[in-house]
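A.B. asks: Give me the fold of what follows.
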Amino acid sequence: MNLRKSMYTTLSALLTLCLLSGCNVKEELEGYEILDRVRILALQSEPPDLLAGESATLNAFVYNPEDQEMSYQWSWCPVRNGPQEGFSCAMEEETLKEVWAALGRDEELPPYDLGDEASAEFKNVFDGKAIFEICAILLEEGDVDDLALLSCVMGLQISVELRMSSGDQEWVALKNLELLLDEKESERNSNPSIQAEMKGIKLIIPRNKLKPLKEPVEAGAPLYEGSRYEFIVDVNEDQSESFTPEKLEGVDDAEIPDEKKENLFLKWFVTKDAVDSGVGGSLFVDGSIDFEDFLTNEVSIAPTVKSGKLGIYLVIRDERGGVGWMSYEFDVEAGQ
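C.D. replies: Alright, predicted model coming up:
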């Protein structure tokens, strides 16, 4: 139907804009990429999608430079409103309990409150019938915003929220969690991963207008202030998994491939005092970019690094909700 196609196109455009905005260094993004305070960099669900009856472990990738003591509060919501509504839950917990009671289900409905530990567990008790009933109620209410409706049209992605606090400071992060119907079991996703060691690091030596020299840096060797380096992350190409895209009503099947490899997005974060500017991220689309180019980035070390350290924090995402991360720390010494 046309509404579904329109919503799908809008969502795809928004996601693409969100990904591509981190692919080039821009002045307005430098504060985002450079770590100078506590940040929640990503949320992960393991596994990233759930069949009815399965449970997921939820974790956060947090930058906490001074090891502040943190309090955690996890929660979930069956469908969430958009930014104009402050990403509020579109269905009150009592309303969902009433729907659940009317369905006569034996499974216990998980409370919205998922606990106050550093990680949390969520059990998927929703099969196709339950998902249909929840979405039908949202459609009948009429005052739900487009983002909430889109979540149902695309198959109901529940939303997980983490509120992390220390003293009077609070940090909030959201993540969608894909619920799968039984017929999608063969299309399971897995979280992409990054190896614990860099694939390669090279010192970039300028040569006027000629192509610069790139001298390999031995593992464990220090980096030097005022120098520029090429970093190559170690990610296996099979982390871009093949899957069958969903055939959507109102979209010509000829426009949707029978099988495709996942798009991957790699986001780089660096510690504030160690670099001159942010380093952005990169997008991998199969057939449009060499995979090693996707994994390669250049970092200019600041002329003076008071901490004597460079921290690099990486988040890798796939287009189906999978998330992975890795962090690295390098000693930095006075320039040679």
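A.B. asks: So for the residue sitting furthest away from the middle of the chain, what's the pLDDT?
C.D. replies: For the chain, the C-alpha lying farthest from the average C-alpha position belongs to residue 208; by C-alpha atoms, centre = their mean, that distance is 39.5 Å. Residue 208 is assigned a pLDDT of 78 by the prediction.
A.B. asks: roughly how far apart are it and residue 298?
C.D. replies: Distance from residue 208 to residue 298, counting by C-beta to C-beta, to the nearest Å: 18 Å. Quick note: C-beta positions are derived from backbone N, CA and C, even for glycine.
A.B. asks: What of residue 291?
C.D. replies: For residue 291, the distance to residue 298 (C-beta to C-beta) stands at 17 Å.
A.B. asks: and the residue farthest from the centre of the chain, backbone torsions?
C.D. replies: Here is the backbone geometry of residue 208 (degrees, to the nearest 10): phi 50, psi -120.
A.B. asks: With the one 3 residues further on instead?
C.D. replies: In this entry, residue 211 is assigned phi and psi values of phi -60, psi 130 (degrees, to the nearest 10).
A.B. asks: Could you do the one 4 residues further on as well?
C.D. replies: The phi and psi torsions at residue 215 (degrees, to the nearest 10) take the values phi -100, psi 120.
A.B. asks: what's near enough to touch it?
C.D. replies: Under the criterion of C-beta atoms under 8 Å, 6 or more residues apart in numbering, the neighbours of residue 215 are 202, 203, 205.
A.B. asks: Among these, name the ones in strands.
C.D. replies: When those are checked against strands (DSSP state E), the matches are 202, 203, 205.
A.B. asks: Take those residues and write them to a markdown table, including pLDDT, neighbour count and distance to residue 160.
C.D. replies: A markdown table is the format used below for these (pLDDT from 0 to 100; neighbours: other C-beta atoms under 10 Å; distance: C-beta to C-beta, whole Å):
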| residue | pLDDT | neighbour count | distance to residue 160 |
| --- | --- | --- | --- |
| 202 | 97 | 18 | 39 |
| 203 | 96 | 18 | 42 |
| 205 | 93 | 11 | 47 |
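A.B. asks: Which of these sits closest to residue 319?
C.D. replies: residue 202 (30.1 Å; C-beta to C-beta).
A.B. asks: circling back: any chance of a markdown table for the contacts of residue 215, columns distance to residue 97?
C.D. replies: Conversion of these to a markdown table gives the following (distance: C-beta to C-beta, whole Å):
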| residue | distance to residue 97 |
| --- | --- |
| 202 | 58 |
| 203 | 61 |
| 205 | 65 |
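A.B. asks: Between those, which sits nearest residue 237?
C.D. replies: Nearest to residue 237 among those is residue 202, at 20.7 Å by C-beta to C-beta.
A.B. asks: Give the bridge partners for residue 203, please.
C.D. replies: Legend: beta-bridge partners of residue 203 under DSSP bridges are residue 215, residue 229.
A.B. asks: separation between it and residue 174?
C.D. replies: When distances are taken as C-beta to C-beta, residue 203 and residue 174 turn out to be 40 Å apart.
A.B. asks: Likewise for residue 210?
C.D. replies: Taking C-beta to C-beta as the criterion, residue 210 is separated from residue 174 by 48 Å.
A.B. asks: Who has more neighbours out of those two?
C.D. replies: Counted by other C-beta atoms under 10 Å, residue 210 and residue 174 do not tie: residue 174 has more neighbours, with 13 against 7.
A.B. asks: right, and the more buried one touches residue 160 too?
C.D. replies: Yes - A contact is recorded between residue 174 and residue 160 when judged using C-beta atoms under 8 Å, the distance being 7.0 Å.
A.B. asks: Could you pull out the helices in the stretch 1-150 of the chain for me?
C.D. replies: In the stretch 1-150 of the chain, helices defined by DSSP state H, counting those that start in this stretch lie at 2-20, 30-33, 93-103, 128-141, 146-153, listed in chain order.
A.B. asks: ok, of those, where does mean pLDDT dip lowest?
C.D. replies: With a mean of 37, helix 2-20 has the lowest mean pLDDT of those.
A.B. asks: which residues touch the spatially closest residue to residue 292 that is not a sequence neighbour?
C.D. replies: Leaving aside its chain neighbours, residue 292 sits nearest to residue 232 (6.7 Å; criterion: C-beta to C-beta, 6 or more residues apart in numbering). Residue 232 sits next to 198, 199, 200, 201, 202, 292, 295, 296 when contact means C-beta under 8 Å, 6+ apart.
A.B. asks: Next: residue 226.
C.D. replies: With contacts defined as C-beta under 8 Å, 6+ apart, the neighbours of residue 226 are 301, 302, 303, 335.
A.B. asks: Correct me if wrong, but the last one is in a helix.
C.D. replies: No - under the criterion used here (DSSP: H, G, I helix; E, B strand; the rest coil), residue 335 is coil, not part of a helix.
A.B. asks: What's the local residue count around it?
C.D. replies: 11.
A.B. asks: my guess is residue 118 meets residue 71, correct?
C.D. replies: No - the pair formed by residue 118 and residue 71 falls short of the contact definition of C-beta under 8 Å, at 9.8 Å.
A.B. asks: between the two, which one's more packed in?
C.D. replies: Comparing residue 118 with residue 71 by other C-beta under 10 Å, the one with more neighbours is residue 118, at 15 against 12.
A.B. asks: If you drop the residues flanking it in sequence, what lies closest to that one?
C.D. replies: For residue 118, the closest residue by C-beta to C-beta, 6+ apart turns out to be residue 72, at 5.6 Å.
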